[in-house]
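In: can't give you the sequence, but here's the structure:
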């Protein structure tokens with residue numbers, strides 16, 4: 001991206017990140033005045049205002065340099081939450097299916113004469129249902145933890161942005 005006249009400059013960086021432009025000079029922090037990225041800060045060549053960017057095309061968004069890791073962590077957490085939510089939906093469908101099987105088995109059991117056979121079948125189906133419910137419970141705990149992580153990451157992003165303003 002080229003530097004445009006729609007920007008202002010400031011010396012140094014509040015983030016402690018020091019960049020060198022393609023000229024080998026320390027990059028300067030500018031603030032965008034464009035409609036697309038209003039007040040967004042970026043690194044650019046300090047000689048830009050003197051000679052345009054024909055001599056050096058260095059450009060980096062400051063927020064991507066400073067808070068790139070929380071954004072990546074946020075994307076990863078959202079991905080994991082989505083996977084876990086899909087898994088919970090699958091497991092809930094399996095539980096419903098098992099409950100239906102249990103009801104059908106109960107009808108079949110009523111035709112079985114021995115009490116031991118009835119108890120054995122019921123215990124087997126109930127065990128499968130309990131296992132699936134345990135898995136769903138664990139997945140929900142993981143999602144709650146990831147949701148907490150997501151809140152922390154978003155808070156860190158907001159804190160970084162607000163503290164740099």
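Out: Right, received. Where do you want to start? Since the model is a prediction, treat every value here as computed from it, not as a measurement.

In: CA only for contacts and neighbour counts going forward, please
Out: Will do.

In: Please tell me how far stretch 82-92 is from the chain's geometric centre.
Out: Distance of stretch 82-92 from the chain centroid (Cα atoms, centre = their mean, to the nearest Å) equals 17 Å.

In: Check which residues of it are buried.
Out: By 16 or more other Cα atoms under 10 Å, the buried positions in stretch 82-92 come out as 84, 85, 87, 88, 91, 92.

In: Let me know the average pLDDT across that stretch.
Out: Averaging pLDDT along stretch 82-92 gives 88.

In: Show me the strands in the chain, by range?
Out: Remark: strands assigned in the chain by DSSP state E are 7-10, 28-32, 41-44, 59-61.

In: Now stretch 149-159: buried residues?
Out: 149, 150, 153, 154, 157.

In: correct me, but the third one touches residue 76?
Out: No - under the criterion of Cα atoms under 8 Å, residue 153 lies out of contact with residue 76, with a separation of 10.8 Å.

In: Tally up the residues packed near residue 114, please.
Out: Residues lying near residue 114 (other Cα atoms under 10 Å) number 10.

In: Can you find the helix or strand of this protein with the lowest average pLDDT?
Out: Across the helices and strands of the chain, mean pLDDT, DSSP states H and E gives its lowest value to strand 7-10, namely a mean of 42.

In: Determine the longest helix present in the chain.
Out: Longest helix in the chain by number of residues (criterion: DSSP state H): helix 115-164.

In: elements contacting it?
Out: When contacts are defined as 3 or more Cα pairs under 8 Å, 6 or more residues apart in numbering; DSSP states H and E, helix 115-164 sits against helix 68-111.

In: and the nearest residue to residue 43 once chain neighbours are set aside, how many neighbours?
Out: Spatial nearest neighbour of residue 43, excluding adjacent residues (Cα to Cα, 6 or more residues apart in numbering): residue 29 at 4.6 Å. Using other Cα under 10 Å, residue 29 is surrounded by 26 other residues.

In: does residue 29 have beta-bridge partners, and which?
Out: Taking DSSP bridges as the rule, residue 29 bridges to residue 10, residue 43.
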